[in-house]
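Enquirer: Need a 3D model of the sequence below.
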Amino acid sequence: MANADPLLLVLKLANDAEEQAALLLKSAQLECQKRLNQLSALNNYRLDYMKQMQSQQGQAISANHYHQFHRFIRQIDDAIIQQNRVVADGEMQKEYRQQHWLEKQKKRKAVELLLASKEKKRQVVEQKREQKMTDEFASQQFFRRHQR
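Expert: As a prediction, this is how the structure comes out:
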């Protein structure tokens, strides 16, 4: 292993970097899904609260209760607006992580391609060397037969 290609180390580092980027991407995807679930929960909570209020329609409700209802809906709406921002931020983070992972993947593939190219060149040189040895051997055999 003393003559190991330094590109093998570069490939290992590229693989490690790609794996790390993939883990970060997975984490960002999970976080994004969590944020979407929270937004969905807020929307469902608002809908349930509106249905509850609608079921009381036609009944006499106090002005204070009606005011509290609208104030609470505004608070839920504010929370939904804030959560939409959090979701958008999560989406941006996920996109960034995806681009980062794709860059690392591209670098790893480039190193693999370079290694494959070097290996192909090495094989061509080896084949030429073997062919030269075979030709030399055949030439020596020919001269030996004709010298007898």
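Enquirer: Show me the strands in the chain, by range?
Expert: For the chain, applying DSSP state E gives no strands.
Enquirer: which helices and strands does the longest helix seen in the chain pack with?
Expert: For the chain, the helix with the greatest residue count under DSSP state H is helix 63-147. On a contact count with 3 or more C-beta pairs under 8 Å, 6 or more residues apart in numbering; DSSP states H and E, helix 63-147 meets helix 6-55. Quick note: C-beta positions are derived from backbone N, CA and C, even for glycine.
Enquirer: now the helix it packs on and helix 63-147, what's the angle there?
Expert: 160 degrees (axes from the mean of the first three to the mean of the last three C-alpha atoms, to 10 degrees).
Enquirer: list the helices and strands helix 6-55 packs on?
Expert: Short answer (3+ C-beta pairs under 8 Å, 6+ apart): helix 6-55 packs on helix 63-147.
Enquirer: now the helix it packs on: how far from the chain's centre is it?
Expert: Distance of helix 63-147 from its chain centroid, counting by C-alpha atoms, centre = their mean, to the nearest Å, is 9 Å.
Enquirer: Repeat that for stretch 130-148.
Expert: 58 Å.
Enquirer: C-alpha coordinates for that stretch, CSV please?
Expert: Output of stretch 130-148 as CSV, limited to C-alpha atoms (Å, rounded to 0.1, in the frame of the first residue of the first chain):
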residue,chain,number,x,y,z
GLU,A,130,3.1,-7.0,-21.9
GLN,A,131,2.8,-6.8,-25.7
LYS,A,132,6.4,-5.6,-25.9
MET,A,133,7.6,-8.5,-23.7
THR,A,134,5.6,-10.9,-25.8
ASP,A,135,7.0,-9.5,-29.1
GLU,A,136,10.5,-9.6,-27.6
PHE,A,137,10.0,-13.2,-26.6
ALA,A,138,8.7,-14.1,-30.0
SER,A,139,11.5,-12.3,-31.7
GLN,A,140,14.1,-14.1,-29.5
GLN,A,141,12.4,-17.5,-30.3
PHE,A,142,12.5,-16.6,-34.0
PHE,A,143,16.3,-15.8,-33.9
ARG,A,144,17.1,-18.9,-31.9
ARG,A,145,15.3,-21.1,-34.5
HIS,A,146,17.1,-19.5,-37.4
GLN,A,147,20.5,-19.7,-35.7
ARG,A,148,20.3,-23.5,-35.4
